[in-house]
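J.: Next come a sequence and a model predicted from it.
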Amino acid sequence: MSGQAVLPHAEPPARAQRARNVLLATVGLSVVVGLFFSGFSSEFGNPEPHNIPIAVVGTPSVRATLNASPALSVRSAADATIATRMVLDRTVYGAIEFTGPRSVELLVANGGGHSADVALTAIATAFAQSRGAKVQVVELAPTTPNDPNGTVEFYCIVFLVIGAALGANVLGQLLGPIRNLRDMGHRLIILLLYTSVAALTVTFLGDIVYGALVGQFGLLFLTLWAYTFSIAVAVAGVVALFGGAAGLLLTLTLVILGNTSAGGPVSRPLSGRFFSAINPYFPQGAGLSIVRGVQYFGGRGIAESVWCLATWTAGGLAFLTIHAVRVGRGQEDARDIGVTVNAASLNATAQSDDPAADDPAADDPAADDPAADDPTNEVDDAHVLVLHD
């Protein structure tokens with residue numbers, strides 16, 4: 001045996017593949033965590049106001065002075081009534097009016113975003129002090145004492161998107177693939193029930209248990225349900241049409257970009273420019289805007305957000321329908337081919353069981369006459385002729 005070379009022990013391919021998968025998963029998950037952390041840190045760590053819409057009741061020189069600030073975007077208002085309506089309609093975040101030579105009134109709506117409220121108060125105070133005036137702050141849409149910073153509605157949005165996306169993926173795995181339009185209908189009913197329970201749970205906790213979002217239980221539930229359902233249907237549609245990897249990618253995009261761009265306690269004019277730009281296109285920003293509109297503004301200023309959620313819902317339904325129709329047609333074609341093949345098989349079997357099909361002499365009349373091919377018959381006939389001669 002001393003003359004034989006000893007080969008090094010080779011690692012089994014399965015073990016090497018498993019180690020490579022673990023390494024890739026570790027790196028991928030670390031990247032996701034890093035992106036999530038970076039997004040939240042850059043968005044919420046040090047927000048800076050830029051172009052906060054504000055109504056100003058005052059002289060042109062006052063409007064020009066305020067508009068020179070990069071933190072503000074001034075809109076003119078003829079009087080305090082119009083300015084108040086602009087705030088409550090959510091076209092501006094606040095309003096400033098000189099009510100006297102040394103008095104300034106600031107109208108704000110904390111329900112529209114706590115950070116904008118704080119920023120406008122600081123700007124108005126500095127402006128008034130530069131003119132030797134004092135500021136009186138009037139709150140038009142206050143938040144509740146149990147949620148003074150308006151963060152609970154943001155938590156509703158953040159955690160419901162996780163539940164909606166994960167629910168769509170998990171239910172898809174449990175229920176199996178969608179094979180036709182009937183399966184699609186069943187899947188939508190299940191998603192309706194699931195998202196209703198999830199929205200009802202969050203509404204109950206936010207209103208009854210913690211007392212943070214009070215006074216609009218029914219409307220709040222409907223809002224959160226519509227928001228959760230739009231995300232669940234969108235994810236389910238992507239998974240059905242493009243596969244599980246695409247569904248996971250959409251889920252990560254919603255969590256990393258959608259949650260961050262929603263802003264939460266950081267109002268959109270204080271968000272980073274990138275997240276502020278993508279805010280209208282994600283359901284989180286739309287859902288948060290509708291919740292605030294329902295809770296604090298009597299449902300005003302939510303039209304754009306409703307269209308956003310409707311678009312996500314319609315997209316998910318379109319993907320589900322395309323997949324169901326495509327798979328259903330494929331099954332019908334396969335069934336038609338199977339029927340054709342079965343018919344051909346039956347015909348072949350019938351022919352193989354027919355004795356006449358295997359007997360080439362079955363259709364030959366001569367085959368039934370054993371004397372037809374007998375040469376002795378011709379000889380006998382010849383002898384007969386000779387005898388007659």
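T.: Now that the structure is in, tell me what you want to look at.

J.: got the CA coordinates for stretch 205-215 in CSV?
T.: Output of stretch 205-215 as CSV, limited to C-alpha atoms (Å, rounded to 0.1, in the frame of the first residue of the first chain):
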residue,chain,number,x,y,z
LEU,A,205,-55.2,49.0,20.5
GLY,A,206,-54.7,52.6,19.2
ASP,A,207,-58.1,53.8,20.2
ILE,A,208,-59.5,51.8,23.1
VAL,A,209,-56.4,50.4,24.8
TYR,A,210,-53.9,53.3,24.5
GLY,A,211,-56.3,56.2,23.8
ALA,A,212,-54.0,57.7,21.2
LEU,A,213,-56.3,57.8,18.2
VAL,A,214,-59.7,58.4,19.6
GLY,A,215,-63.1,59.6,18.3
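
J.: Go through that stretch and flag the buried ones.
T.: Neighbour counts over stretch 205-215 (16 or more other Cβ atoms under 10 Å) mark 206-207, 212-214 as buried. All C-beta spots, glycine's among them, are computed from the backbone N, C-alpha and C.

J.: nearest to residue 294, of these?
T.: Ranked by distance to residue 294 (Cβ to Cβ), the buried residues of stretch 205-215 are led by residue 213 at 9.3 Å.

J.: What values do phi and psi take at that closest one?
T.: Here is the backbone geometry of residue 213 (degrees, to the nearest 10): phi -120, psi 90.

J.: Now do the closest residue to it other than its chain neighbours against residue 199, distance only.
T.: Closest residue to residue 213 in three dimensions, ignoring its sequence neighbours and counting by Cβ to Cβ, 6 or more residues apart in numbering: residue 206, at 4.3 Å. According to Cβ to Cβ, to the nearest Å, residue 206 stands 10 Å off from residue 199.

J.: repeat for residue 231
T.: Computed as Cβ to Cβ, the residue 231 to residue 199 distance reads 11 Å.

J.: Equivalent analysis for residue 161, please.
T.: Using Cβ to Cβ, residue 161 is found at 12 Å from residue 199.

J.: shared neighbours of these two, anything?
T.: Here residue 161 and residue 199 have residue 228 as joint contacts, going by Cβ atoms under 8 Å, 6 or more residues apart in numbering.

J.: mind checking how far residue 109 is from residue 94?
T.: Distance, residue 109 to residue 94, using Cβ to Cβ: 7 Å.

J.: who touches both of the two?
T.: Counting by Cβ under 8 Å, 6+ apart, the residues touching both residue 109 and residue 94 are 87, 117.

J.: Same drill for those two, tell me which one is more crowded.
T.: Neighbour count, other Cβ atoms under 10 Å: between residue 109 and residue 94, residue 94 has more, with 28 against 25.

J.: Tell me the pLDDT of residue 133.
T.: pLDDT, residue 133: 89.

J.: what's the answer for residue 214, then?
T.: The score at residue 214 is 88. That number is its pLDDT.

J.: what's it in contact with, if anything?
T.: Neighbouring residues of residue 214 by Cβ under 8 Å, 6+ apart: 144, 207.

J.: can you confirm it is in a strand?
T.: No - checked against DSSP: H, G, I helix; E, B strand; the rest coil, residue 214 lies outside a strand; its state is coil.

J.: Going along the chain, name the helices of the stretch 1-150 of the chain.
T.: Secondary structure of the stretch 1-150 of the chain (DSSP state H, counting those that start in this stretch): helices at 13-44, 60-67, 80-88, 114-130.

J.: ranking those helices by mean pLDDT, which is last?
T.: Lowest mean pLDDT within the helices of the stretch 1-150 of the chain: helix 13-44, at a mean of 78.

J.: Counting by contacts, list what that helix packs against.
T.: Helices and strands touching helix 13-44, by 3 or more Cβ pairs under 8 Å, 6 or more residues apart in numbering; DSSP states H and E, are helix 259-262.

J.: so how many other residues sit close to residue 113?
T.: Neighbours of residue 113 (other Cβ under 10 Å): 28.

J.: Relative to residue 242, how far out is it?
T.: 36 Å.

J.: Could you do residue 301 as well?
T.: Going from residue 301 to residue 242 by Cβ to Cβ gives 35 Å.

J.: Between these two, which is the more surrounded one?
T.: Neighbour comparison, residue 301 and residue 242: the larger count goes to residue 301, with 17 against 14 (by other Cβ under 10 Å).

J.: Assign a three-state SS to the more buried one, would you?
T.: At residue 301 the chain is in coil, as set by three-state DSSP.

J.: got a list of what it touches?
T.: Applying Cβ under 8 Å, 6+ apart to residue 301 gives the contacts 89-91, 289, 293.
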